[in-house]
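*Asks:* Can you look at this prediction? I've put the sequence above it.
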Amino acid sequence: AQRVTQPEKLLSVFKGAPVELKCNYSYSGSPELFWYVQYSRQRLQLLLRHISRESIKGFTADLNKGETSFHLKKPFAQEEDSAMYYCALKAGGTSYGKLTFGQGTILTVHP
Amino acid sequence: KAGVTQTPRYLIKTRGQQVTLSCSPISGHRSVSWYQQTPGQGLQFLFEYFSETQRNKGNFPGRFSGRQFSNSRSEMNVSTLELGDSALYLCASSLGGLGVHEQYFGPGTRLTVT
């Protein structure tokens, strides 16, 4: 069975500082990894996925299969980045629409 | 394009009762997934439907069931409600065909069991 771990429940940084939200996973196959974000009073939405290797809102994430990690990074945090962030994994095979989520990290960016 | 809608948004039920939640996916999406969100367990996958067939199922008791209609709208049902079923129930829709498709989430239905 697959598992996603986000070790930090809360993360606080100041505006302009770098931020890294950690995500580790356990899965024996080749996973597909995602970061979802939930801003205050908004619905959960996709931030980025590892297969597209794109940068969204200045965030990037690299899949490290050796360390089984998919950390989310941004070099200069903004106040509008304050939100709940979830790392999610889709297993291969017949997982179809099933995502396994981590417990989430609440990011607060102080002015 | 209208987003995923869920009805009702809030629900209060008594232990032992049953409840039906509804999810309307984005037009053209054929897959609907359901998740339970609680402070203690986080987001947990319940099941996924594609073209009226359940394609995947999470580790929930048989009291939790679902179905999908020909227009891709989906319902989930919880019978014999327990206090621990109090949660935010989210549905997500996607195209659902081959490949990896983004899941678009609805606002959720907040269920309180008293």
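*Replies:* Now that the structure is in, tell me what you want to look at. Since we're looking at a predicted model, the values are computed, not measured.

*Asks:* before we move on, which element is residue 76 in?
*Replies:* In the absence of a named chain, chain A is used. Assigned by DSSP states H and E, A:Phe76 falls within no helix or strand.

*Asks:* ah, I was thinking of chain B
*Replies:* Residue-wise, B:Met76 maps onto strand B:74-78 under DSSP H and E.

*Asks:* Equivalent analysis for A:Val37, please.
*Replies:* A:Val37 belongs to strand A:32-38, assigned by DSSP H and E.

*Asks:* May I have that strand as CSV, with CA atoms only?
*Replies:* C-alpha atoms of strand A:32-38 as CSV (Å, rounded to 0.1, in the frame of the first residue of the first chain):
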residue,chain,number,x,y,z
GLU,A,32,2.7,10.1,-10.0
LEU,A,33,3.1,12.9,-7.5
PHE,A,34,1.0,16.1,-7.1
TRP,A,35,0.8,19.1,-4.9
TYR,A,36,-2.7,20.5,-4.2
VAL,A,37,-3.4,23.8,-2.4
GLN,A,38,-6.4,25.1,-0.5
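
*Asks:* Would you mark the buried spots in it?
*Replies:* A:Glu32, A:Leu33, A:Phe34, A:Trp35, A:Tyr36, A:Val37, A:Gln38 (16 or more other CB atoms under 10 Å in any protein chain shown). Quick note: C-beta positions are derived from backbone N, CA and C, even for glycine.

*Asks:* do that strand and chain B meet?
*Replies:* Yes. Strand A:32-38 lies within reach of chain B by CB under 8 Å from any CB of the partner chain, at A:Glu32.

*Asks:* Pull up the gap between B:Gln54 and A:Arg3, please.
*Replies:* Distance, B:Gln54 to A:Arg3, using CB to CB, to the nearest Å: 23 Å.

*Asks:* can you give me the helices for the chain?
*Replies:* In the absence of a named chain, this looks at chain A. Applying DSSP state H to chain A gives no helices.

*Asks:* In it, what residue comes closest to chain B?
*Replies:* For chain A, the residue closest to chain B is A:Gly97, as judged by CB to the nearest CB, at 3.6 Å.

*Asks:* Which stretches in chain A count as strands?
*Replies:* A:3-5, A:10-14, A:19-21, A:24-26, A:32-38, A:45-49, A:60-61, A:72-74, A:83-90, A:100-101, A:105-110 (DSSP state E).

*Asks:* same for the fourth one, what does it pack against?
*Replies:* Under the contact definition 3 or more CB pairs under 8 Å, 6 or more residues apart in numbering or on different chains; DSSP states H and E, strand A:24-26 sits against strand A:3-5.
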